[in-house]
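Need a 3D model of the following:
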Amino acid sequence: MYLTGVFGAIVLLFPDLYRRFATAFLYERPEAIEWNERFRLGIRAIGALYVFFTAKTYKERHNDT
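Down below sits the predicted model:
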């Protein structure tokens, strides 16, 4: 779960870095892809959710011990 939180933090803080990496990884011709600006907001929202769920899980695991 910690890796998910780290990934979420990177996506939340650096959405353009994630977009460049994902485009190069997923598409044969990444230069032909045109991204909508709202996509950046969506990426950040997903990153925030990952960070939130990681923090929630961490808190639940350490409150039980």
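
and stretch 36-56, which residues are buried?
Of the residues in stretch 36-56, those with enough neighbours to count as buried (16 or more other Cβ atoms under 10 Å) are 43-44, 46-47, 50-51, 54. Using the backbone N, CA and C atoms, a C-beta is placed for each residue, glycine as well.

how far away is Phe53 from Glu34?
The span separating Phe53 from Glu34 equals 31 Å under the rule Cβ to Cβ, to the nearest Å.

about what we covered before: relative to Ala24, which of the buried residues of stretch 36-56 is nearest.
Ile43 (15.3 Å; Cβ to Cβ).

quick one, what contacts the nearest residue to that closest one once chain neighbours are set aside?
Closest residue to Ile43 in three dimensions, ignoring its sequence neighbours and counting by Cβ to Cβ, 6 or more residues apart in numbering: Pro15, at 4.3 Å. Residues touching Pro15, when contacts are defined by Cβ atoms under 8 Å, 6 or more residues apart in numbering, comprise 40, 43-44, 47.
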